[in-house]
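*Asks:* no sequence on this one, just coordinates:
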């Protein structure tokens, strides 16, 4: 399988992903919000497997026929208006 024009390979064992329906066990590794690599199910640590399961459980919902995904957000606390 290719991602764009790039063949998807495990960054540890170099195993190639051959079918798109087999992608379910693979994990994507992100750096600064972009896919930086892939890890096959054989090479995954238990922590990477757990992270993949949690990320795939993100809820999706429909509003007026449009599909939305609830993404993880970073909240930065700010001071209330008017000081304090």
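*Replies:* The structure has been received and is ready for your questions. Remember, it's a predicted structure, so these values are computed and weren't measured experimentally.

*Asks:* surely residue 23 and residue 16 touch.
*Replies:* No. Counting by CB atoms under 8 Å, residue 23 stays clear of residue 16, with 11.9 Å between them. Backbone N, C-alpha and C define where each C-beta goes, glycine included.

*Asks:* just the strands in the protein please.
*Replies:* 2-3, 6-7, 27-31, 34-39, 60-63, 66-69 (DSSP state E).

*Asks:* helices or strands next to the longest one in the packing?
*Replies:* I take that to be strand 34-39. When contacts are defined as 3 or more CB pairs under 8 Å, 6 or more residues apart in numbering; DSSP states H and E, strand 34-39 sits against strand 27-31.

*Asks:* okay, the angle between the strand it packs on and strand 34-39?
*Replies:* 140 degrees (axes from the mean of the first three to the mean of the last three CA atoms, to 10 degrees).

*Asks:* any idea of the mean pLDDT for strand 27-31?
*Replies:* Across strand 27-31, pLDDT averages out at 84.

*Asks:* buried residues, it. List them.
*Replies:* Under the neighbour-count criterion of 16 or more other CB atoms under 10 Å, strand 27-31 has residue 27 buried.
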